[in-house]
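Novice: My questions are about this predicted structure, shown below with the sequence.
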Number of protein chains: 2
Amino acid sequence: MNDPLSRFSINQMTVKQLSLPELVDACRELGVGGVGLWREPVQRYGVEAAAKLVRDAGLTVTTLCRGGFLTAIDPVERAEALGDNHAAIDEAATLGTDTLVLVCGGLPHGSNDLHGARERIADALAVLGPYAAERGVRLAIEPLHPMFAADRCVVSTLTQALDLAERFPAEQVGVTVDTYHLWWDDRAPEQIARAGAGGRIATFQLADWITPLPAGVLNGRGQIGDGAVDMRQWTAYVDAAGYTGPIEVEVFNEELWARDGKEVLAETARRFTEHVVK
Amino acid sequence: MNDPLSRFSINQMTVKQLSLPELVDACRELGVGGVGLWREPVQRYGVEAAAKLVRDAGLTVTTLCRGGFLTAIDPVERAEALGDNHAAIDEAATLGTDTLVLVCGGLPHGSNDLHGARERIADALAVLGPYAAERGVRLAIEPLHPMFAADRCVVSTLTQALDLAERFPAEQVGVTVDTYHLWWDDRAPEQIARAGAGGRIATFQLADWITPLPAGVLNGRGQIGDGAVDMRQWTAYVDAAGYTGPIEVEVFNEELWARDGKEVLAETARRFTEHVVK
């Protein structure tokens, strides 16, 4: 029998109470081979040092989260965003991951032009895509749940993400398939097939949908198996689309963060085995 | 020049701090000719008495909110839901409105079968549609924002609402077009055209999208003009689809509810004139 955790990757945010060395130790102890990292904790630790730490531990960095926020109209803000995304690509390359997740950005203050915001994302991808591909990194547009359309990401569906991504070569721009953001959408399964056929699935992430949502709605994601998402079904969609890469669990949840991080990681690996693999 | 408020209707929930007689008085004073009513306050006042009150004041009841919650699997719960919806149709007929808004219901506890839940809604509409039409009432399926898919309404897009409605005659089942729920969806404009062509737009409701969302996300809707929704644009879509009926403002917002209700109604009418009509 195969190792049930062979495709499992833990996104750092799920156990953000762990320092980077603690996370690496816990992964080694629990037989977890993949981690999705976030820029801020990596920068605090030092990008080169973090790269060495995970490399020495034999861990695969499945993604770096995140670039994006590319919707500003103001030229100074746009230039800053592009600069920051170039830096994010460099960091991804240093960490040895091939995937930089993009949270593309919401509406600029006072604007209600969703279409215009999406076009500015495309303009930015035209600049960032080649820079990323030259460094072995692919940009992974993440459609976020429509409840984030105003303030975080104007790309709300996998359809929209693919419409954007397909303007560019597949080695430059792919998509992030995340159950938390897509589970409600009856069009998502066919779009996963579309993404797979085009070689656009850059990463597959899992979180469950639980209610009630907390204020601000950001940190109310559910542990695998606790909510409304049929994890096995969504994994089957992605598998059928030809995706064979890592499956990253990324849960933002205040209650999980308040617990012992290693225990949460162990629980997450168990849930993965129970609800995704079996 | 036409009366800028000629199509304006105030949904009772926007100013729920007003009693029904206070609401009727305020409408008369401010020249508001339409109200959308809710079952609970109407029942507390008495359905017949409420019907007489609004009729005597010359008000049009543009909608009754709401029927629905038709997704239960348990046979007893299903029978109760059908009974309650028959009662809601009777109440709508008594109030003299031609539109009963349906919030169709979320996933039953422990289920993650969105498709099955939607099919149970169709089964219920087959029973309720003829009963409603015989009484001069049309059922108006309201797609709710995808953030409500688990706990309130598995119908998340206008596409899904129309796919359901079109299984039945247009005089039995239509749709509710509400900016709050649809504003993020780039497919909604074409679906409004589809709804209009089929004579399916039963009501057009407005609320603005503001962030951050409050805990539970139900009562965080924005006053017209305060948020991300281009009200004029959405009204133009509905107008272009041939809809000439009332435009109902339905805002659930704790801050508005804490203020003087008549002042809020006056403000809402002003905002309607500024952001919708002009």
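Specialist: Alright, I've got the coordinates.
Novice: Name the next helix or strand following the longest strand belonging to chain A along the chain.
Specialist: If you go by DSSP state E, chain A has its longest strand at strand A:60-68. Sequence-wise, the next helix or strand downstream of strand A:60-68 (DSSP states H and E) is helix A:75-95.
Novice: what lines up beside the longest strand of chain A in the sheet?
Specialist: Using DSSP bridges, strand A:60-68 pairs in its sheet with strand A:34-38 (parallel), strand A:99-103 (parallel).
Novice: could you say what helices and strands the helix or strand A:Ala49 falls within packs with?
Specialist: A:Ala49 is part of helix A:47-56, with elements assigned from DSSP H and E. Contacts defined by 3 or more Cβ pairs under 8 Å, 6 or more residues apart in numbering or on different chains; DSSP states H and E place helix A:47-56 against helix A:20-30, strand A:34-38, helix A:75-95. Backbone N, C-alpha and C define where each C-beta goes, glycine included.
Novice: ok, back up a step: helix A:47-56 and the longest strand of chain A, what's the angle between them?
Specialist: Interaxial angle of strand A:60-68 relative to helix A:47-56 (axes from the mean of the first three to the mean of the last three Cα atoms, to 10 degrees): 150 degrees.
Novice: hmm, back to that, got a markdown table for the strands paired with strand A:60-68, with mean pLDDT and mean neighbour count too?
Specialist: Below are the strands paired with strand A:60-68 laid out as a markdown table (pLDDT from 0 to 100; neighbours: other Cβ atoms under 10 Å in any protein chain shown):
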| stretch | mean pLDDT | mean neighbour count |
| --- | --- | --- |
| strand A:34-38 | 98 | 24 |
| strand A:99-103 | 98 | 27 |
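Novice: The ones you listed: which one's closest to A:Asp84?
Specialist: Proximity to A:Asp84, assessed across the strands paired with strand A:60-68 by Cβ to Cβ, is greatest for strand A:99-103 (11.6 Å).
Novice: got a list of contacts for that closest one?
Specialist: The contact list for strand A:99-103 (Cβ atoms under 8 Å, 6 or more residues apart in numbering or on different chains) reads A:36, A:62-70, A:88-89, A:92, A:132, A:137-142, A:144, A:152-153, A:174, A:176, A:202-203.
Novice: What ranges does the stretch 151-278 of chain A have for its strands?
Specialist: In the stretch 151-278 of chain A, the segments counted as strands under DSSP state E, counting those that start in this stretch are A:173-178, A:201-206, A:208-209, A:221-222, A:247-249.
Novice: Dump those into TSV; add mean neighbour count and distance to chain B as well.
Specialist: Shown next, in TSV, are the strands of the stretch 151-278 of chain A (neighbours: other Cβ atoms under 10 Å in any protein chain shown; distance: least, Cβ to the nearest Cβ, whole Å):
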stretch	mean neighbour count	distance to chain B
strand A:173-178	28	14
strand A:201-206	26	14
strand A:208-209	24	6
strand A:221-222	23	10
strand A:247-249	26	17
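Novice: looking at it, A:Thr63 is touching A:Arg39, isn't it?
Specialist: No. If you go by Cβ atoms under 8 Å, A:Thr63 and A:Arg39 don't touch, sitting 11.1 Å apart.
Novice: okay, the two: which has more neighbours?
Specialist: Shown here are A:Thr63 and A:Arg39; by other Cβ atoms under 10 Å in any protein chain shown, A:Thr63 has more neighbours (30 against 19).
Novice: measure that one to A:Ile210 for me?
Specialist: 23 Å (Cβ to Cβ, to the nearest Å).
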